[in-house]
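[1] using only what follows, build the 3D model:
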Amino acid sequence: MARKHSSSPSGTLVVLEHESRVLARNPLGDPHVRKLPVWLPPQYDQGATRGRGGRLPVLYDLVGFTGSGISHTNWRPFNENVPERAARLIRERKMGPAIFVFPDCFTSLGGNQYVNSSAIGAYADYLTREIIPFVDREFRTLASRDHRGCFGKSSGGYGSIIHGMKYAQHWGAIADHSGDAYFDVVYHHDWPNTLNELAKHREPKRVPGAFDVLAETRARKGLAQGYDDGRVKRFLDSVWKKEKLSPAEMHAIMNVCMAATYDPDPKAPLGFRLPFHLETGEKLEARWKKWLQHDPVRLVAKHAANLKTLKGLYVDCGWRDQYHIHYGARQLSLRLSEAGIRHRYEEFDDNHSDVDYRMDISLPFLYRALKP
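    Modelled structure (predicted):
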């Protein structure tokens with residue numbers, strides 16, 4: 001079942017195959033048998049850990065949208081992958097030895113937010129009910145939430161903070177790098193572009209000339225309830241046939257994925273609803289309210305008791321984030337402070353892209369919080 005990809009002073013990468021019951025028969029028909037890379041530090045098989053029965057803390061890497069766990073173990077030009085970075089930090093004694101786990105939570109919609117959705121799959125349950133126990137059985141872990149943490153950037157950062165809020169019984173510390181927050185800004189401003197992209201798949205096609213908006217909206221009554229009139233399905237069918245997506249298509253499928261995450265509805269045509277009217281572009285307040293119920297900025301007070309149990313909570317964001325997430329990160333830190341929740345918040349002079357170097361700060365932070 002296990003295959004050792006590499007064994008050296010830089011550690012050992014093991015790739016397991018896990019068959020999930022939770023993901024079996026998921027709504028998108030995505031695979032339920034997935035590869036699970038696990039990185040073991042050099043100390044895993046050395047005497048340095050014998051005083052603890054050879055057991056080590058565990059850190060789970062939640063990758064961003066369109067990513068998969070194994071992608072963070074790949075070779076990178078002019079940079080380090082996560083195992084290489086962890087090995088260096090341990091070698092430099094900036095952190096102690098820990099096991100790293102790289103779950104595969106990719107979906108046909110480009111990813112998910114590490115939550116349960118009837119339109120995508122139960123990915124929170126997949127992590128907490130299957131992957132954590134599986135790893136604890138297969139490896140010499142310190143199998144306790146006090147020695148287990150998760151970290152991630154963007155969608156992975158969102159997943160980390162949400163798990164710290166809702167699933168604190170499984171996690172002792174979390175690190176949120178540039179995680180989605182303040183939905184009124186981070187998502188709202190991009191929906192007109194998504195509507196334009198989806199309009200390319202409208203039927204019948206638009207023609208120049210007079211356009212009776214009233215008649216069109218009456219003929220497509222479901223749009224006022226956030227239902228698809230067929231264009232979203234045709235858009236998905238189109239991009240699923242491609243090997244290369246345009247930037248506009250990538251952002252559109254991301255917003256569609258978020259709709260499936262934040263407003264699933266088994267009775268809707270695609271199993272979820274949309275937050276904007278596909279013809280007029282009007283925001284559908286009832287649907288947007290569903291999105292806001294998942295906004296970390298709005299969830300701090302509700303989950304303050306769980307957050308206060310964390311042994312470590314780290315948040316950071318670049319103050320030039322092109323998705324404007326730094327405003328959400330600041331509001332998140334403010335809400336945490338107002339609720340009396342201890343955390344570390346940092347900003348840095350960069351944008352949203354290629355900021356893995358921030359792990360040089362977050363990984364030692366997590367280790368200090370989780371070490372025996």
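[2] okay, now the unreliable bits of the stretch 51-200 of the chain?
    Across the stretch 51-200 of the chain, the ranges flagged by pLDDT under 70 are 51-52.
[3] ranges for the strands of it?
    Assigned by DSSP state E, counting those that start in this stretch, the strands in the stretch 51-200 of the chain fall at 58-62, 99-101, 116-117, 121-122, 148-153, 173-177.
[4] each with direction, which strands does the last one pair with?
    Using DSSP bridges, the strands paired with strand 173-177 in its sheet are strand 148-153 (parallel), strand 312-318 (parallel).
[5] okay if I get the ones you listed as CSV plus mean neighbour count and distance to His32?
    Quick note: C-beta positions are derived from backbone N, CA and C, even for glycine. CSV is the format used below for the strands paired with strand 173-177 (neighbours: other C-beta atoms under 10 Å; distance: least, C-beta to C-beta, whole Å):
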stretch, mean neighbour count, distance to His32
strand 148-153, 28, 22
strand 312-318, 24, 32
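[6] is it possible to get JSON lines of those strands that adds distance to Pro77?
    What follows is the strands paired with strand 173-177, written out as JSON lines (distance: least, C-beta to C-beta, whole Å):
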{"stretch": "strand 148-153", "distance to Pro77": "19"}
{"stretch": "strand 312-318", "distance to Pro77": "22"}
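[7] so which of these is nearest Asp136?
    Within those, the stretch nearest Asp136 is strand 148-153; the backing value is 8.7 Å (C-beta to C-beta).
[8] so that closest one versus strand 58-62, what angle?
    Using axes from the mean of the first three to the mean of the last three C-alpha atoms, to 10 degrees, the interaxial angle of strand 148-153 with respect to strand 58-62 works out to 30 degrees.
[9] which residues sit against strand 148-153?
    Residues outside strand 148-153 that contact it (C-beta atoms under 8 Å, 6 or more residues apart in numbering): 57-64, 132, 141-142, 157-160, 163, 170-179, 312, 314, 355-356, 358-359, 362-363, 366, 369-370.
[10] what of stretch 264-283?
    Residues from elsewhere that reach stretch 264-283 (C-beta under 8 Å, 6+ apart): 27, 117-120, 188, 191-192, 195, 198-199, 202, 213, 216-217, 220, 222-229, 231-233, 259-260, 263, 284, 287-288, 290-291.
[11] in strands only, show me these.
    The strands in this structure, assigned by DSSP state E, contain Ser117 from the contacts of stretch 264-283.
[12] can you pull out the helices in this structure?
    In chain order, the chain shows helices spanning 82-91, 123-125, 132-138, 155-166, 183-186, 191-199, 213-219, 231-239, 247-262, 285-292, 296-299, 304-309, 325-338, 359-370, with DSSP state H as the criterion.
[13] please save the CA atoms from the longest one in CSV.
    By that I understand helix 247-262. Only the C-alpha atoms of helix 247-262 are listed here, as CSV (Å, rounded to 0.1, in the frame of the first residue of the first chain):
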residue,chain,number,x,y,z
PRO,A,247,-8.1,33.4,-16.9
ALA,A,248,-11.7,34.4,-17.2
GLU,A,249,-12.8,30.8,-17.3
MET,A,250,-10.7,30.0,-14.3
HIS,A,251,-12.2,32.8,-12.2
ALA,A,252,-15.7,31.8,-13.4
ILE,A,253,-15.3,28.2,-12.3
MET,A,254,-13.9,29.4,-9.0
ASN,A,255,-17.0,31.5,-8.4
VAL,A,256,-19.2,28.6,-9.5
CYS,A,257,-17.3,26.4,-7.0
MET,A,258,-17.9,28.9,-4.2
ALA,A,259,-21.6,28.9,-5.0
ALA,A,260,-21.7,25.1,-4.7
THR,A,261,-19.8,25.4,-1.5
TYR,A,262,-21.7,28.2,0.3
